[in-house]
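Student: Okay, predicted coordinates and the sequence, questions at the end:
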Amino acid sequence: MEKKTVEKLIVQALQAREFSYAPYSGYQVGAALLTADGHVYTGCNIENAAYSPTNCAERTAFFKAVSEGKKDFCAIAVAGGPAGEEIAQYAYPCGVCRQVMMEFCDPQTFEIIVAKSKDEYQVKKLCELLPEGFGPSNLSGQEP
Ligand code: THU
């Protein structure tokens with residue numbers, strides 16, 4: 001993916017992080033999901049007093065997109081860290097979010113961009129973060 005596109009996606013993830021609702025962990029995450037037709041769906045983590053209903057930023061972005069009819073995705077940018085601090089570590093997607101990605105994305109091509117800033121980031125393929133993942137092809141009996 002072009003550097004400009006990656007940088008734009010990271011900026012959108014950082015902006016989405018501003019809306020993070022994380023009163024319990026204080027860990028704020030933003031995500032920006034790029035569709036195959038060039039749209040971007042953003043998301044933030046949304047926590048809950050009962051804890052388990054908490055939704056990660058990545059899943060918020062995916063569920064927004066899928067609920068609006070999108071099912072083809074190219075990449076997601078993710079930025080997370082403690083509220084009020086500069087982002088010092090890469091926030092890799094949790095296992096549940098990786099599994100949601102596996103449902104809708106080609107693991108060989110879908111790119112996960114984890115960012116500290118627009119200039120400091122890493123890019124991984126879903127197949128690197130979820131090797132031998134279980135997905136729709138397992139149930140359809142088709143080649144992945
Ligand atoms: N979180 C995300 O939003 N994405 C991840 O992939 C990892 C964790 C959120 C969930 C919770 O609100 C906070 O970060 C601490 O776990």
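Tutor: Received it, and whenever you're ready, just let me know what you need. Numbers count the residues shown, from 1 in each chain.

Student: what helices or strands is whatever helix or strand residue 96 lives in leaning on?
Tutor: Following DSSP states H and E, one finds residue 96 within helix 95-104. Packing contacts for helix 95-104, counted by 3 or more CB pairs under 8 Å, 6 or more residues apart in numbering; DSSP states H and E, involve helix 57-66, strand 73-82, helix 126-129. Bear in mind the C-beta positions are built from the backbone N, C-alpha and C, glycine included.

Student: how about these, which one is nearest residue 15?
Tutor: strand 73-82 (9.7 Å; CB to CB).

Student: ok, now how distant is the residue nearest the centre of the chain from the ligand?
Tutor: When the chain is reduced to its mean C-alpha position, the nearest residue by CA atoms, centre = their mean turns out to be residue 58, at 3.5 Å. In this view, residue 58 and the ligand are 6 Å apart by CB to the nearest ligand atom, to the nearest Å.

Student: quick one on the thing from earlier: just the CA coordinates for the helix holding residue 96, please, in PDB.
Tutor: What follows is helix 95-104, C-alpha atoms only, in PDB (Å, rounded to 0.1, in the frame of the first residue of the first chain):
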ATOM      1  CA  GLY A  95      -7.200 -12.500  19.400                       C
ATOM      2  CA  VAL A  96     -11.000 -11.900  19.100                       C
ATOM      3  CA  CYS A  97     -10.400  -9.000  16.700                       C
ATOM      4  CA  ARG A  98      -8.000 -11.100  14.600                       C
ATOM      5  CA  GLN A  99     -10.700 -13.800  14.400                       C
ATOM      6  CA  VAL A 100     -13.300 -11.200  13.200                       C
ATOM      7  CA  MET A 101     -10.800 -10.000  10.600                       C
ATOM      8  CA  MET A 102     -10.500 -13.700   9.500                       C
ATOM      9  CA  GLU A 103     -14.200 -13.800   8.800                       C
ATOM     10  CA  PHE A 104     -14.100 -11.000   6.200                       C
END
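
Student: Is it positioned near the ligand?
Tutor: Yes - applying CB under 6 Å from any ligand atom, one finds helix 95-104 in contact with the ligand at residue 97.

Student: Beyond that helix, next helix or strand please.
Tutor: strand 111-117.

Student: Give the pairing partners of that following strand; include direction for each.
Tutor: With DSSP bridges as the criterion, the sheet partners recorded for strand 111-117 are strand 73-82 (parallel), strand 120-125 (antiparallel).

Student: Noted, bye for now.
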